[in-house]
Each structure stands twice: as structure tokens, then as C-alpha cells.
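J.: Here you go, sequence then predicted model.
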Amino acid sequence: LDFHYSDTWADPGHQNKPQAWRDLEFDELVRALHDYTKKVIVELKKDRVSPEMVQIGNEISNGFLWPDGTYDDWNRFATLVMAGVRAVGQADPSAKVMIHLAWGGQNTKSRWFLDKAMEHGIEFDILGQSYYPKWHGTIEDLRKNLNDLAGRYEQPIICVEYSQHK
């Protein structure tokens, strides 16, 4: 299950928060993200379609829920991500939490993000990476990045978006 937390597609260049949350103060936004995430998973469980894996945002390499969840303030960004992580754990402790980056072939950027996430206490079970050669380098860059990340971090890695087209 991939929460985009937007009224439209969310990707590295488009991470605007939904209109319904536009005017919320930061603490209210954190609560809204938590409550919405938890409610969706609880409702899915009632219908016996519990997700095995839940993404907190889609390709959040550049943040999410803009302008509140940008890297101008990593503490705020981490607070938002962890609100989603907590909601998943409360709604379905068996569900794995994925953090999804859009830097499949970009090791320096991937390591920077993951190190900052760890410093700020962001907890997750799986690392997702997108790979598009147009933006992320060669297939060899992807291989090197994923191998390096697998040796540095304990979370398994999944390539969750992929294209061969440049």
C-alpha cells in the first residue's frame, strides 16, 4: 500500500499536501497524517485485505507534504514520517513499513538521506528505490548503489519502480 498523501500523483518533483490539509498547523498535520494512515489500514483489515507492506509517501527523496515536510527542517520531516510509521504499527503490527527513495543509481544521495533518516530516528523495515536511467544513471550505477546500501544498512531493499527506457 503506497500512501501518496496528495490529491494527485506524488513523485520527487510533486509532493504537495492534499487540499483538505492545506491550512493545518504543523501539529494538526502530523495528527491528520497519523489518523488517516491508521484509519485506512484499519478499514482494509475489516475487509480482510491487510497490506503486508505500507509505504509512507511515494518517492520521498525530496520530502513530502510540501511545504511542511521539506529538508529545510529534518526534525519536522522526521516527525511526519514517524507519525505514519506509528499509525501503521498501531493499525497492523505485522505490516512492514517501506521508505521509498527515487535515487536507484545515486549512491551519494541515497546514503545522505538514509544517514539523516537514521540520525533523526526514522524507523522502517524495507528500503524501496526507484530506477529510471533518464534520471538515475546506468544499470551498473543501480547495481553498485544497491550493493553498497545492502552492506551498510540492515533493511532489505526492493526496486519498486523500474524502467529500461532513457
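T.: Now that the structure is in, tell me what you want to look at. All of these numbers come straight from a predicted model, not from anything done at the bench.
J.: Look at the residue nearest to residue 152 when sequence neighbours are not counted and tell me its secondary structure.
T.: Excluding its sequence neighbours, the residue lying closest to residue 152 (C-beta to C-beta, 6 or more residues apart in numbering) is residue 111, at 7.0 Å. In this view, the C-beta of every residue, glycine as well, is placed from N, C-alpha and C. Each residue gets one of three states, and residue 111 gets helix by DSSP: H, G, I helix; E, B strand; the rest coil.
J.: tally of neighbours for residue 147?
T.: Residues near residue 147, counting by other C-beta atoms under 10 Å, number 12.
J.: if I look at it, how far off is residue 102?
T.: From residue 147 across to residue 102, the span is 19 Å (C-beta to C-beta, to the nearest Å).
J.: Could you do residue 91 as well?
T.: Computed with C-beta to C-beta, the distance linking residue 91 and residue 102 is 26 Å.
J.: The two - which one has more neighbours?
T.: For residue 91 versus residue 102, neighbours defined as other C-beta under 10 Å are more numerous around residue 102 (24 against 20).
J.: Tell me who's in contact with the closest residue to the more buried one other than its chain neighbours.
T.: The shortest distance from residue 102 to any non-neighbouring residue, by C-beta to C-beta, 6+ apart, is to residue 59 (3.9 Å). Residue 59 makes contacts with 10-12, 100-102, 130, 161, as judged by C-beta atoms under 8 Å, 6 or more residues apart in numbering.
J.: Report pLDDT for the residue lying closest to residue 62 once chain neighbours are set aside.
T.: Nearest residue to residue 62 in three dimensions, chain neighbours excluded: residue 12, at 4.8 Å (C-beta to C-beta, 6+ apart). Here the pLDDT value assigned to residue 12 is 91.
J.: thought residue 12 was touching residue 64?
T.: No: shown here, residue 12 and residue 64 do not form a contact pair, counting by C-beta atoms under 8 Å, at 9.9 Å.
J.: Of the two, which one has the most company?
T.: A count of neighbours by other C-beta under 10 Å puts residue 64 above the other of residue 12 and residue 64, at 28 against 17.
J.: Quick check: beta-bridge partners of that one?
T.: In this structure, residue 64 has beta-bridge partners residue 69, where bridges are defined by DSSP bridges.
J.: who's in contact with it?
T.: Residue 64 sits in contact with 5, 10, 15, 57-58, 77, 80, where contact means C-beta under 8 Å, 6+ apart.
J.: Before I go, just wanted to say thanks for your time.
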